[in-house]
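Chemist: What follows is a predicted structure for the sequence shown.
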Amino acid sequence: MPASDFAKADLSEVVEQLTTDEAILLTAGVGFWHTHAIARLGIPAIKVSDGPNGIRGNHFFMSTPAKCLPSATAMAATFDTALMERVGLELLAEEAKLKAASVLLGPTCNTQRNPLGGRSFESFSEDPHLAGMMAAAYCKGLQEGGIGACIKHFCGNDKENDRFGYDSIMSERALREIYAMPFMLAEKYAKPWCFMTAYNRVNGTHVSENPHILQDILRKEWGSDTTTMSDWFGIYSIDHSINAGLDLEMPGTNKWRTLDLMNRSIQSRKITKRTVKERARKVLQLVQRCAKGAPEILDGEGIERTGDLQAGRDIMTRLASQAIVLLKNEGGVLPLKPKEQGLKKVAIVGGNAKAVVLSGGGSAALKPSYFISPHEGIASALGKIDPNVEITYSEGARAYMQMPTLENELLTEDGKPGWTGLFYSHENDDSMVPLDKPLKTVYIDETRIFLSTDYPKELTKRFTLRLRGQLKPREHDCEYEFGLLSAGRARLFVDDKLVIDNWTKQRRGDAFFNSGSQEERGIVSLKAGVSYSVHVEYCNVRAPADIDPDEAVMDSNGGVRLGGAEVQHPDDLMASAVKLAQEADAVIAVVGLNADWETEGYDRTTLDLPGRTDELVRKVAAANKRTIVVTESGSSITMPWADEVPAIVHAWYLGNSTGDALGEVLTGKVNPSGRLSLSFPKRLEDVPSHGHFHSEHGQVRYAEDLFVGYKWYHHRKIEPQWHFGHGLSYTTFEFSDLSLSKPAFSNGDVSLTASVKVTNTGSVIGTDVVQLYVSYPTTSKLTHPPLMLKAFAKVFDLAPGKSEVVKVALDKYAVSYWEDRISRWVVDDGEYVVRVGRSSAPEALSLSATFNIEKRFEWNGL
Ligand code: BGC
């Protein structure tokens, strides 16, 4: 019978028939990505997959190429929930089907408490309303397409260092009004099929064992019937997590919920059979939703595929171009008009111009089915307008943290890009000696090899991977620098000479989800026209400071990464960029971070751009008045040169279509309408959580309380570099005629409508975002943030001189705060001020109006 027949099963009957052992098996995964199947009862397994900016599929190593969407911060910058929903339905659900996955591990909905957070790029916004509305739209679209959303990481998981252990210590108000709010809004409007618990503790207890969060809030208050799933290796007990309400332990390797331990916990009355069955029932409910949602996945062969149709590319480019934020544009430097502006030569400089930067790192990263670099996209867009424009290029200043990977620099013996991998078993499981003959030989088109569990299962516990490639001949003699890091031991030989030893000694690092070593570097001299053999020997055994044969095998996070680049003197690089800037009619500096700087596993240590990037921007700007800076980062960075350049465009991480989208915006084919989804401070010290962001012996104090993001900058009257919600256009807009309807009360809720007239007062067609902020009555005995975003709307393609009246609805969420003493939401009576404008900057909120709530009321639930 087809697996999808489970859609018709009577869940109560199935649960009734489950033996205790079967119920136990259902409460934990199988392997990395599957749930347990029980053939006897027709229960199929389902597959889950990361998430959130695309679907990677089962494998970290040699994964199936996929569509990489812009980072969540970029998607939120569209302020366009309808587009987000469409992306969920048309893009993500379709990609999930191609990857044979029934549940997408996304969206990520944590909060940019501090832009240093390694995964800030993965979450939508510092503002709970924007984050929640985008998350709801994402889940809604995806689930309409039959694929389950697994919203994550619920909650208070706002940093990476010490992520399994730290305790997010926050007031109940901050928990409710800021950190749980995006999840609450998603639950209200979209009912995600799964919630993934956070790794960390909140107020003393790990979330996966936290009855307050999993029972009191999620189940009782919100009335959610979702399935809860642990983050990977993110449960730390049997009875606590079972009793607190964690339905599914993931993954199914190294698990706690084994038959033995669970049965013993039942015998010792730490848990009951009844609770185990309740947890199993929730897992079955998820399986059934998947069977109903996309039966073709369960009945299919489970093969992963890549889809690359023009329609998919078009929506990717639209999403990416809508996300781009024009921060500054003095003297109409943008859009670029080669003929009118007399641009014959345009210099593109910067470490990110040609680099493959499309997403942050960690579980969100995936192998793109195509990638258009900024250089390619901008050159092609300019070329379409004027084929005679000459483009020059210099890297100017290096921006990478680890040497760039070498898949396009190495060739296999038969001339394919990449190298060949030979897997060897050892004499026995504990031996360090590989056998003479390889067990398996594979073609590998990547030099960052995160093996995880993707190696031949027949290998001995300890095994060796030998990687063999040829370095493409250079056009000139040069010094070439290699970088090698590994989770396990590795060494590099070039033409059989040992160049890097990361084997006998190793420095612990953070790569490969904190299992890797630091990158070791080595330089070789290369002659022009000669191809050199590049061999890496890897063994999946941890390398200690000195070799110890008893060191543990890297059973789930093993990996090796080889990078390299020609040695260039930094002063020469800088000088060449400055020279090109002097000779050009305009300069586009593409600078920023990448997936090594912003990643899962560790936090950033600075908001500065890498290396000598700031100096590069300043120098090219001094050399050429028409310098446009394009910044790429998933979260905020500092821009100490902001006053010295006429134009700045923030491009986040834009996924596969990065270059196409940038080309369209810089040349004016698309009029930018992105708005910052988070504040950009002038300096790290201005960030609200500065000084209490790091884990101090496991404690992270959320001392800024409700004043997260722009709320802090307002409250403390600190001028950020760029305000939350800021973003310019190639046209100008005027807002007028703000009016509010009288609040209406029914069913414990309030509703009113705000309307505002938006007029395009400029000379080109454009799209604008109306932002509505609310200030609570000053009569309250409590402190509230001065302004809180409570509604937004987008006006599309308004022609010059034309107006449109925009209406947005407000409800109890626009006026409520959490009242600790009674554990309820409260709406005070008094006068509320509504302020409307084009950004959160107080001076940009040009319109205001007030409304009154006559009678205080309380509520609970959603
Ligand atoms: C991440 C999750 C991810 C999971 C599976 C964890 O390390 O925190 O977001 O879904 O791995 O890859």
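Modeler: Thanks, I have the structure now.

Chemist: tally of neighbours for A703?
Modeler: Neighbour count of A703, defined by other CB atoms under 10 Å: 15. For glycine as for every other residue, the C-beta is placed from the backbone atoms N, C-alpha and C.

Chemist: so who does the residue nearest to it when sequence neighbours are not counted touch?
Modeler: Distance criterion CB to CB, 6 or more residues apart in numbering; nearest residue to A703, sequence neighbours excluded, is H692 at 4.7 Å. Counting by CB atoms under 8 Å, 6 or more residues apart in numbering, H692 makes contact with V700, R701, Y702, A703, E704.

Chemist: Buried only: go through the residues you listed for me.
Modeler: V700, R701, Y702, E704 (16 or more other CB atoms under 10 Å).

Chemist: so what's the last one up against?
Modeler: For E704, the contacting residues are R113, P688, S689, H692, W712, taking CB under 8 Å, 6+ apart as the criterion.

Chemist: repeat that for 7 Å
Modeler: When contacts are counted by CB atoms under 7 Å, 6 or more residues apart in numbering, E704 is found next to P688, S689, W712.

Chemist: For T420, grab the count of nearby residues.
Modeler: 18.

Chemist: repeat for E858
Modeler: Neighbours of E858 using other CB under 10 Å come to 12.

Chemist: before we move on, back to that, just the ones of the contacts of E704 in helices?
Modeler: Judged by DSSP state H, the contacts of E704 include W712 as members of helices.

Chemist: Near the ligand, list only the ones from the contacts of E704.
Modeler: For the ligand, no contacts are drawn from the contacts of E704 by CB under 6 Å from any ligand atom.

Chemist: Tell me the one among the contacts of E704 nearest to the ligand.
Modeler: Of all those, the ligand sits closest to S689, with 20.6 Å by CB to the nearest ligand atom.

Chemist: That closest one contacts Q112, doesn't it?
Modeler: No. With contact defined as CB atoms under 7 Å, S689 does not reach Q112; the gap is 9.8 Å.

Chemist: still on that earlier bit, take the contacts of E704 and write them to JSON lines, including pLDDT and neighbour count.
Modeler: Output for the contacts of E704, formatted as JSON lines (pLDDT from 0 to 100; neighbours: other CB atoms under 10 Å):
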{"residue": "P688", "pLDDT": "98", "neighbour count": "27"}
{"residue": "S689", "pLDDT": "98", "neighbour count": "23"}
{"residue": "W712", "pLDDT": "98", "neighbour count": "23"}
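
Chemist: which one of the contacts of E704 is nearest E475?
Modeler: S689 (49.3 Å; CB to CB).

Chemist: Next up, the contacts around the closest residue to L593 other than its chain neighbours.
Modeler: By the measure of CB to CB, 6+ apart, the closest residue to L593 outside its immediate chain neighbours is S633, 4.3 Å from it. Each residue near S633 by CB under 7 Å, 6+ apart is listed here: G592, L593, E598.

Chemist: State the number of residues packed around the one residue in the stretch 1-150 of the chain that gets nearest to the ligand.
Modeler: Residue nearest to the ligand within the stretch 1-150 of the chain (CB to the nearest ligand atom): L105, separated by 3.8 Å. Other residues within reach of L105, judged by other CB under 10 Å, total 28.

Chemist: On the three-state scheme, L772 is what?
Modeler: For L772, the assignment made with DSSP: H, G, I helix; E, B strand; the rest coil gives strand.

Chemist: contacting residues for P107?
Modeler: Per CB under 7 Å, 6+ apart, neighbours of P107: P52, A72, A135, Y138, C139, A149, I151.

Chemist: Adding neighbour count, distance to the ligand and secondary structure as columns, could you present these in TSV?
Modeler: Shown next, in TSV, are the contacts of P107 (neighbours: other CB atoms under 10 Å; distance: CB to the nearest ligand atom, whole Å; DSSP: H, G, I helix; E, B strand; the rest coil):
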residue	neighbour count	distance to the ligand	secondary structure
P52	27	8	coil
A72	33	12	helix
A135	32	14	helix
Y138	31	15	helix
C139	30	15	helix
A149	31	12	strand
I151	27	11	strand
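
Chemist: what about stretch 605-620, start to end distance?
Modeler: Distance between the two ends of stretch 605-620: 27 Å, counting by CA to CA, to the nearest Å.

Chemist: average pLDDT across it?
Modeler: What stretch 605-620 shows for mean pLDDT is 98.

Chemist: how about the strands in the stretch 51-200 of the chain?
Modeler: 103-105, 148-154, 167-169, 194-197 (DSSP state E, counting those that start in this stretch).

Chemist: Report all helices and strands that the second one contacts.
Modeler: This points to strand 148-154. strand 103-105, helix 128-144, helix 181-190, strand 194-197, helix 273-293 (3 or more CB pairs under 7 Å, 6 or more residues apart in numbering; DSSP states H and E).

Chemist: and the shortest one, how far out from the chain's middle?
Modeler: Offset of strand 103-105 from its chain centre (CA atoms, centre = their mean, to the nearest Å): 14 Å.

Chemist: same thing with the second one?
Modeler: For helix 128-144, the distance between its averaged C-alpha position and the chain's averaged C-alpha position is 15 Å (CA atoms, centre = their mean).

Chemist: which other residues reach that helix?
Modeler: Contacts of helix 128-144 (CB under 7 Å, 6+ apart): 75-76, 81, 84-89, 92-93, 104, 107, 109, 111, 123-125, 149, 151, 177-178, 181-182, 184-186, 189-190, 192-193, 677, 789-790.

Chemist: so which of the contacts of E704 comes closest to R289?
Modeler: S689 (37.4 Å).

Chemist: Quickly note the distance from the nearest residue to that closest one once chain neighbours are set aside to A74.
Modeler: Distances taken as CB to CB, 6+ apart place N114 nearest to S689, at 4.5 Å, with adjacent residues excluded. Distance, N114 to A74, by CB to CB, to the nearest Å: 19 Å.

Chemist: One more: K191?
Modeler: In terms of CB to CB, K191 sits 25 Å off from A74.

Chemist: can you check E340 too?
Modeler: Separation of E340 from A74 (CB to CB) stands at 30 Å.

Chemist: And these two? Which one has more around it.
Modeler: Neighbours were counted for E340 and for A74 using other CB under 10 Å; A74 has more, 29 against 8.

Chemist: Quickly list what T228 is bridged to.
Modeler: Beta-bridge pairing for T228 (DSSP bridges): F195.

Chemist: What score does it have for pLDDT?
Modeler: At T228, pLDDT is 98.

Chemist: contacting residues for it?
Modeler: Per CB under 7 Å, 6+ apart, neighbours of T228: F195, T197, L214, G245, L246, D247.

Chemist: redo that, cut-off 10 Å
Modeler: 150, 154, 194-197, 207-208, 213-214, 218-219, 241, 244-248, 279, 282-283, 286 (CB atoms under 10 Å, 6 or more residues apart in numbering).

Chemist: Hmm, E16 and D10 touching each other?
Modeler: Yes. If you go by CB atoms under 10 Å, D10 and E16 touch, sitting 9.1 Å apart.

Chemist: how close does the residue nearest the centre of the chain sit to K794?
Modeler: By CA atoms, centre = their mean, the chain has its centre lying nearest to E122, at 2.1 Å. Noted for E122: a distance of 23 Å to K794, by CB to CB.

Chemist: And the helices in the stretch 301-450 of the chain?
Modeler: For the stretch 301-450 of the chain, applying DSSP state H, counting those that start in this stretch gives helices covering 310-323, 374-385.

Chemist: Any idea which of those has the lowest pLDDT on average?
Modeler: helix 310-323 (a mean of 93).

Chemist: closest to G522 out of the helices of the stretch 301-450 of the chain?
Modeler: Nearest of the helices of the stretch 301-450 of the chain (CB to CB): helix 374-385, 28.9 Å.

Chemist: That's all I had, so thanks and see you.
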